[in-house]
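Participant: this is a predicted model, with the sequence first.
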Amino acid sequence: MIKLAEILSLAVLDRAQIVAGAAGLEREIRWVHVIDMPDVLSWVQPGQFLLTTAYGWPREAEAQRALIRGLAERNLACVGLAVPKFFEHFPEAACEEAERVALPLLEIPWDVPFARITEAVHGLILAEQSRVIEQSEAIHRTLTQAAVEAESLQDLATTLGMLINRAITIEDMEGGVLADHALELEEDEARRTTRLQEKTPPRLQAYLEQSGYLRTVRAAHKPVHIPALPEFGFAERLVCPIRLKGELIGLVWIIEGARPLSELDVRAAEHAAIIAALHIAHKRELAAFEARLGFTFLDSLLEGRFEATPQALERAHLLGFDPNVPYRVGLLILDEPLPLSREGFLQRERFAEQLTQRLKFLSISPLLSVSLNRIYFLLPEHCSGERIWKSIARDGVSLAFGKPHAGIEGIQTSYREVLSLLGYLPANSFHYYETLLLPRVLLGDQEAQHAFLEQLLGCLKQQRNGEVLVETLLVWAQVGFHPVSAAQQLHVHAKTLQYRLARAAQLSGLDFADPEIRFQLQLASHLLFFQGKKFR
């Protein structure tokens, strides 16, 4: 759109003067309208540049103030008055009111024909519209090409961001980041936090929901402007819904930054939303096929039916599975009654799709399987489970992981580990196998007790003279970590005890000064005492 400040640079207006309302020079002008009749308010439209001789204007000060207020309420861009004729200048009352409502008043010499002004301004507007249309078509062509070649939504976000030189985020309906294009100078605090947490800050998300902005966006089919929210470090934004067969599946966010958002940004957001919907539709078809293969593969892997033939391993590699990489088996549990209702089934499908998108965003091959109210998946050791939990955490959902293991048998071990947590996993929580191990030990879970002892002392047991080191640690714990008492009970010299403890710390990587480690050693000694056996 053309702003009033740009219009004033036209040669035809070089003798015109702004006499009031200069604060509104950034108003956008959509068209020029000449009106010289008494009932002017009935004829004006938002964004118009009104040209008038004021022949039918009132002469009373209060009526003039009311007229200026009425024009401002109709979002007029500017009033141009031909002077001197029916008025020598804009009346003082009109100027005072225009200053108050920031409506620009422009005095134009009487000898400048309105036809010349209209022609020049309309020419500028049409030239700008033509430029926007050309750029918009170029953006649409580039995004369409990107949709053909793109591997992910991230490619689309990068392409769009580079085309319009803006910071871009594509998010799901819970505020989780599906893709983004960073532009440091164009980012605000809310944007940086979102990128860091990979999700819209909960406080901001809650405000957008409570204030009705998200409700407006959900009902919209075109881009929606959201004003700046300084208390959240939130600059003005343009958000466009991504819809697929009427279903709202995501949002494209464009951040204002240092430059005001323009009509070109609006068009770009619309194009991006359409292309993103097409991309997602295509990926859904591929995902449905891949999911069938992935479900079959992962089910056979978890249940011990996978035969590691060269052909099977090649298919597994094509699906993204590397037997040499340690994986955790993840288990996402929905708080849905069994058997699943239609809504419960759809809920599970939405979570499976969201989890797939999240894994792809993290550059991880999505290997998933669903059963009842559960979703199983593989997560490489290098990726923390917290990065998954951040994007899906909400009421009615729990997430657990087994320990990381490599190889076919390792995956099955991690699967058994995560299944062992089912009776201990709190509602609406996230846990690793390791974090629930100690509570399970204290509750008398024998499998957990064995795993606990193996985790704490297993590496020492495998060392040369490892049984001696384990015995030394357990006796030391039993006597309350008193070195003299431990040495006497072991019938060794104090320096021998000191050497063994140092050796055990080196081999195990445990900090024996840590109260938590000391507690675990004492617990291990008590477990073995009550079991009436040694750790073997």
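Facilitator: Cool, got the structure.
Participant: where does this protein have low pLDDT?
Facilitator: 1, 146-151, 185-186, 282-295, 442-444, 529-536 (pLDDT under 70).
Participant: now do the end-to-end distance for stretch 5-25.
Facilitator: 5 Å (Cα to Cα, to the nearest Å).
Participant: check stretch 221-235 too.
Facilitator: This stretch, stretch 221-235, spans 22 Å end to end (Cα to Cα).
Participant: show me which residues of that stretch are buried.
Facilitator: Neighbour counts using 16 or more other Cβ atoms under 10 Å place 223, 224, 226, 229, 232, 234, 235 of stretch 221-235 among the buried residues. Yep, even glycine has a C-beta here, placed from its N, CA and C like the rest.
Participant: of those residues, which belong to strands?
Facilitator: Under the assignment DSSP state E, those contribute 224, 226 to strands.
Participant: in TSV: the buried residues of stretch 221-235, plus distance to residue 253.
Facilitator: Listed next are the buried residues of stretch 221-235 as TSV, based on distance: Cβ to Cβ, whole Å:
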residue	distance to residue 253
223	10
224	11
226	9
229	14
232	14
234	11
235	11
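Participant: name the nearest of the buried residues of stretch 221-235 relative to residue 138.
Facilitator: residue 223 (18.7 Å; Cβ to Cβ).
Participant: who's in contact with the closest one?
Facilitator: Residue 223 sits next to 238, 239, 240, 266, 269, 270 when contact means Cβ atoms under 8 Å, 6 or more residues apart in numbering.
Participant: now swap in residue 455 and tell me
Facilitator: By Cβ under 8 Å, 6+ apart, the residues touching residue 455 are 434, 437.
Participant: report the secondary structure state of it.
Facilitator: Three-state call for residue 455 (DSSP: H, G, I helix; E, B strand; the rest coil): helix.
Participant: related to what we said a few turns ago, tell me the one of the contacts of residue 223 nearest residue 64?
Facilitator: Taking Cβ to Cβ as the measure, residue 64 lies nearest residue 266 of the contacts of residue 223, at 36.4 Å.
Participant: what is the burial count for that closest one?
Facilitator: Residues near residue 266, counting by other Cβ atoms under 10 Å, number 20.
Participant: cool, residue 131 as well?
Facilitator: As a burial measure, residue 131 scores 11 neighbours (other Cβ under 10 Å).
Participant: again, but for residue 362
Facilitator: Residues lying near residue 362 (other Cβ under 10 Å) number 17.
Participant: helix, strand, or coil at the closest residue to it other than its chain neighbours?
Facilitator: The shortest distance from residue 362 to any residue other than its chain neighbours is 5.8 Å, reached at residue 383 (Cβ to Cβ, 6 or more residues apart in numbering). Assigned state for residue 383: coil (three-state reduction, three-state DSSP).
Participant: hmm, back to that, kindly indicate which of the buried residues of stretch 221-235 lies nearest residue 342.
Facilitator: Nearest to residue 342 out of these is residue 224 (Cβ to Cβ; 31.2 Å).
Participant: hmm, residue 252 and the closest one touching each other?
Facilitator: No. With contact defined as Cβ atoms under 8 Å, residue 224 does not count as touching residue 252 (10.9 Å).
Participant: list the residues that contact both of those two?
Facilitator: Residues touching both residue 224 and residue 252 by Cβ under 8 Å, 6+ apart: 239, 240.
Participant: what about the helices in the stretch 251-400 of the chain?
Facilitator: Using DSSP state H, counting those that start in this stretch, the helices of the stretch 251-400 of the chain run over residues 263-302, 310-319, 342-361, 385-392.
Participant: can I get the third one in PDB? Just the C-alpha atoms.
Facilitator: Read that as helix 342-361. Only the C-alpha atoms of helix 342-361 are listed here, as PDB (Å, rounded to 0.1, in the frame of the first residue of the first chain):
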ATOM      1  CA  ARG A 342     -13.900 -42.600  17.700                       C
ATOM      2  CA  GLU A 343     -12.600 -39.400  19.400                       C
ATOM      3  CA  GLY A 344     -10.000 -41.400  21.200                       C
ATOM      4  CA  PHE A 345      -8.800 -43.000  18.000                       C
ATOM      5  CA  LEU A 346      -8.700 -39.600  16.200                       C
ATOM      6  CA  GLN A 347      -6.800 -38.200  19.200                       C
ATOM      7  CA  ARG A 348      -4.200 -41.000  18.900                       C
ATOM      8  CA  GLU A 349      -3.800 -40.400  15.200                       C
ATOM      9  CA  ARG A 350      -3.300 -36.700  15.800                       C
ATOM     10  CA  PHE A 351      -0.600 -37.400  18.400                       C
ATOM     11  CA  ALA A 352       1.100 -39.900  16.100                       C
ATOM     12  CA  GLU A 353       1.200 -37.300  13.300                       C
ATOM     13  CA  GLN A 354       2.400 -34.600  15.600                       C
ATOM     14  CA  LEU A 355       5.100 -36.900  16.900                       C
ATOM     15  CA  THR A 356       6.100 -37.800  13.300                       C
ATOM     16  CA  GLN A 357       6.400 -34.100  12.500                       C
ATOM     17  CA  ARG A 358       8.400 -33.500  15.600                       C
ATOM     18  CA  LEU A 359      10.900 -36.200  14.900                       C
ATOM     19  CA  LYS A 360      11.300 -35.000  11.300                       C
ATOM     20  CA  PHE A 361      11.900 -31.500  12.600                       C
END
